[in-house]
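Chemist: Sequence and predicted structure below; questions after.
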Amino acid sequence: MKQYIFLAIWMLVAISTKAQWATYQIDSLRRVVNASKADTHRVNALLALSQCYVLKPGETAHDLDTALQMSLQSSRLAQSLHYSACQGEAAYTLFLIWLEKGDSPKAKRYAQLAIEYFLRAKKWNQLGYVYMNQARFFTLEGNELPQKILFYEKALSYFTKADDKVKMADLYKELSDLHQIQEHYALALSELQSALTLFRTIGHTDLATVYDLLGFVSAKLGDYKEGLAYGLLAVRAAEAAQDSSLTLCTIYNRVGLTYYGMGQYKQAKIYFQKSLAIALKHNNNAYILHLVGNLSDLLLQQHKPREALHFLRQKSQQYPPTTAESELLVDFRLVAIYAELGQFKQAQAYCDKTLDLLANKGIGSLGRARIYQAVINFFIQSRQFQQARRYLAINEARCQQNGSIMALAKNHLQWFKLDSTQANYFPAIRHYERYKVLQDSLLNTTKSRQIAQLEIEFESEKKDQNLKVSQQSIQALTKQSLLQQTQLQQARTIRNGIVAGTIMLILLLGLSYNRYHLKQQSNKLLEAKQLEINQKNESLQKAVHDQEHLLREREWMLREIHHRVKNNLQIITSLLHSQSTFLKDQAALAAIRESQNRVHAMALIHQKLYQSNRLSSIPMAEYINEIVDYLMGTFDQNASIKKQIIVTPVDLDVTLAVPLGLIINEAITNSLKYAFPPDRSGAIQVELKQLDYKCYWLLISDDGIGLPTNLNPARSRTLGMSLIRGLSKQLGGELQISQLNGVQISLTFTAEKVVQPDLVDA
């Protein structure tokens, strides 16, 4: 009985505070206490019942008082009986009670007493629990986070001594989460891999949180492909378990951040909105503000700073920040939004507040890299170059320390922008080269994994081929066996024919010999032909495999070319944007903005090519919608002007899609600039139809004020009209420009008539 109760006590100690205790267990222990005499059995039963009240989910103050009373009774009875074996357990129980009551000094005193007992008894597992629970004294804020990590590491060392794989895995996961908060991503990734290995060893199947952290940390290190793979594994595991807690909210948010880092903003928005729905359901302000901030980042990325400002202001007033971290979530984004709007006075106020919170309050689980990027961009835009250089150096040192290649690459890109703005072209080139080297290193890491996967596939194919050869050999042996059986049967027939007489025997022997000789020749011919067929099959399989390998390499190279072209076009857009910050002439600003729109139309083509399985054709419905949405957002005309887009679902070659995109860009730009005065609303229509096989009709129209009376579209030498005429000529199409309740631009073209003349006609 004594051994049974002592084992039950440590089973209670070894279970976390989230253990599920039924009421009948408490009642059962009460009956043991009431039935026992004043001996060691009663000591152990009182201690077990005390721990049961402490570990009860949702315990009340009355439960803790009951636990304290029983623990003290157990301790006094043990002293009177001179029973020292349970002193460590009693001290640990009192430590848990005072910890739950919130009395830190008393809790720490009993924790130290329990440690002394357990060290003398070499009870490593119990020591691990003491140190693990002591970590609860510390928060994630400021200087408390390193102390929390220190206690977890101490607990891990004792669980390792005790070979408790369950707690080792749990602590590796907890430590990885704390280290990623410190932005020590490489260390966090190593700890997560150790946790995953241990969880799989012990057969643990609830791996959603481990997959979630693996995906988040991989993305922080710049490996978005690996990050997305683990993130989606976490989503599937959590949804399969029908989880609707804040854990699923975190998983959705981190998958959204990974999509955001990959530039797939539509998918990012879907997961951010899923996460926000859960945060709103739980009414958790910190989570809500985090998701609101991410959604405002998406709006800013789409060049909608006013919408981002309105959304962020509205939600932060509805769900006000309650911690320093929550304030940072809002403030550093306001820096970026006001800087984008050119309201540098407001941006400066929030920048000062952000840096003060960062220096004095810490950041909790929010990383510094994104905050520094927003602050540095503001300093460059507001021409505070000395401050920009200071924080670029600070951020670079942090990125090198925590191993975040992607953040370091972005930091070098910001160096490039700063040096370009100050006309320091040689340092700017060096930083841009460093940026490209870091990007290529990320690409090479992904490529190495793809090559490893191809090698695995190749080995599998090789095994399949060997299996086929083996099967062919078996079939050949089967045929040979059947042939031998036939020959034996013939031999029996010949042997039985001897009875018929010598003449018949001679005839049969001659006939048998003749047939045997013919069969031998036939078999040799068949074997030679089979060998020739096998050699041709092997050559054909090798040729097919080589062709597939070359096709995969060609597709990869084409995707890389489109990716590089898109990146270079984005750099041109960034340089135009940087130049526009120093211009005051509205005509020059408008010309730069129109140039940015043209570059965006071309960059969108290459982005779609490298993100899709199609390497030479563009889905025109999606492409035209994105061009029109982008232009209406750029001119801030979403409210007063409606769009009507009717596009036949058709994929066009890139040689057709590029000039068509530029024609649409110029026509829509002219309509948005001139067709609708400030007091007039209206609609813009874009229609693309397939009239016949490889024959198409494009219509761009508006119901605005129309062209000036003195303007002849066929003779106009403006850049926009010249581009439309030149691009129509390049398509070999028939262009018509007319006026009826507005302006209508009609173009009929076929896929075979594409030529390559100058874009601007004389």
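Modeler: Perfect, thanks for sending it. Numbering: from 1, shown residues only.
Chemist: Please report how far residue 265 lies from residue 72.
Modeler: 61 Å (CB to CB, to the nearest Å). Every C-beta, even on glycine, is put in place using the N, C-alpha and C of the backbone.
Chemist: The stretch 251-400 of the chain: helices as residue ranges?
Modeler: 265-282, 285-301, 305-318, 324-341, 344-360, 368-381, 385-402 (DSSP state H, counting those that start in this stretch).
Chemist: And the first one, what's buried?
Modeler: Of all the residues in helix 265-282, those buried under the rule 16 or more other CB atoms under 10 Å are 265, 267-269, 271-272, 274-276, 278-279.
Chemist: chain center to it, what's the gap?
Modeler: 14 Å (CA atoms, centre = their mean, to the nearest Å).
Chemist: packing partners for that helix?
Modeler: helix 246-261, helix 285-301 (3 or more CB pairs under 8 Å, 6 or more residues apart in numbering; DSSP states H and E).
Chemist: Deepest-packed of those, please.
Modeler: helix 246-261 (a mean of 23; mean count of other CB atoms under 10 Å).
Chemist: List of residues touching it?
Modeler: 208-209, 212, 215-216, 219, 224, 227-228, 231-232, 234-235, 238-239, 265, 267-272, 274-275, 278-279, 282, 284, 287, 290-291, 294, 297-298, 406 (CB atoms under 8 Å, 6 or more residues apart in numbering).
Chemist: again, 7 Å this time
Modeler: With CB atoms under 7 Å, 6 or more residues apart in numbering as the test, helix 246-261 has contacts from 208-209, 212, 215-216, 219, 224, 227-228, 231-232, 234-235, 238, 267-268, 271-272, 274-275, 278-279, 282, 284, 287, 290-291, 294.
Chemist: How about stretch 204-223?
Modeler: For stretch 204-223, using CB under 7 Å, 6+ apart, the contacting residues are 169, 173, 176-177, 180, 185, 188-189, 192, 195-196, 199, 226-228, 230-231, 233-234, 237-238, 241, 247, 250-251, 254, 257-258, 261, 403-406, 442, 445-446.
Chemist: Likewise for stretch 371-391?
Modeler: Stretch 371-391 is contacted from outside by 328, 332, 335-336, 339, 344, 347, 351, 354-355, 358, 392, 394-395, 410, 414, 417-418, 421-422, 581, using CB under 7 Å, 6+ apart.
Chemist: distance between the ends of it?
Modeler: 11 Å (CA to CA, to the nearest Å).
Chemist: Doesn't residue 701 lie inside a strand?
Modeler: Yes - assessed with DSSP: H, G, I helix; E, B strand; the rest coil, residue 701 lies in a strand.
Chemist: Mind telling me what element the closest residue to it other than its chain neighbours is part of?
Modeler: Spatial nearest neighbour of residue 701, excluding adjacent residues (CB to CB, 6 or more residues apart in numbering): residue 744 at 4.2 Å. According to DSSP states H and E, residue 744 maps onto strand 743-750.
Chemist: distance between that strand and the chain's centre?
Modeler: Chain-centre distance of strand 743-750: 43 Å, with CA atoms, centre = their mean.
Chemist: and the next element down the chain from the helix or strand that contains residue 726?
Modeler: When elements are assigned from DSSP H and E, residue 726 belongs to helix 719-730. Reading on from helix 719-730 to the C-terminus, the next helix or strand found by DSSP H and E is strand 734-739.
Chemist: Residues contacting that following strand, please?
Modeler: Against strand 734-739 from outside (CB under 7 Å, 6+ apart): 706-707, 713, 725, 728, 744-748.
Chemist: redo that, cut-off 8 Å
Modeler: Contacts of strand 734-739 (CB under 8 Å, 6+ apart): 706-707, 713-714, 724-725, 728, 743-749.
Chemist: export the residues you listed to JSON lines and tack on distance to residue 373 and pLDDT?
Modeler: Shown next, in JSON lines, are the contacts of strand 734-739 (distance: CB to CB, whole Å; pLDDT from 0 to 100):
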{"residue": "706", "distance to residue 373": "46", "pLDDT": "83"}
{"residue": "707", "distance to residue 373": "45", "pLDDT": "81"}
{"residue": "713", "distance to residue 373": "46", "pLDDT": "77"}
{"residue": "714", "distance to residue 373": "50", "pLDDT": "73"}
{"residue": "724", "distance to residue 373": "39", "pLDDT": "88"}
{"residue": "725", "distance to residue 373": "43", "pLDDT": "88"}
{"residue": "728", "distance to residue 373": "43", "pLDDT": "89"}
{"residue": "743", "distance to residue 373": "43", "pLDDT": "90"}
{"residue": "744", "distance to residue 373": "46", "pLDDT": "91"}
{"residue": "745", "distance to residue 373": "42", "pLDDT": "92"}
{"residue": "746", "distance to residue 373": "46", "pLDDT": "92"}
{"residue": "747", "distance to residue 373": "43", "pLDDT": "92"}
{"residue": "748", "distance to residue 373": "48", "pLDDT": "92"}
{"residue": "749", "distance to residue 373": "44", "pLDDT": "90"}
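Chemist: Filter the residues you listed down to the buried ones, PyMOL style.
Modeler: To isolate the buried members of these in PyMOL, using 16+ other CB under 10 Å:
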select buried, resi 707+713+724+725+728+743+744+745+746+747+748+749
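Chemist: Out of the helices of the stretch 251-400 of the chain, flag the one nearest residue 568.
Modeler: For residue 568, the closest of those is helix 285-301, at 19.3 Å, according to CB to CB.
Chemist: Where does pLDDT dip in the stretch 1-150 of the chain?
Modeler: Where the stretch 1-150 of the chain drops to pLDDT under 70, the residues are 1-36, 38, 57-59, 83-85, 141-142.
Chemist: If we use 80, what do you get?
Modeler: Scanning the stretch 1-150 of the chain for pLDDT under 80 picks out the ranges 1-71, 73-88, 90, 101, 139-143.
Chemist: In it, what residue spans correspond to helices?
Modeler: With DSSP H, counting those that start in this stretch as the criterion, the stretch 1-150 of the chain has helices spanning 2-13, 23-35, 40-54, 61-80, 87-101, 104-121, 124-134, 144-161.
Chemist: so which of those helices is the most packed in?
Modeler: In terms of average neighbour count - mean count of other CB under 10 Å - the standout among these is helix 40-54, at a mean of 25.
Chemist: If anything else comes up later, I'll come back, but that's it for now.
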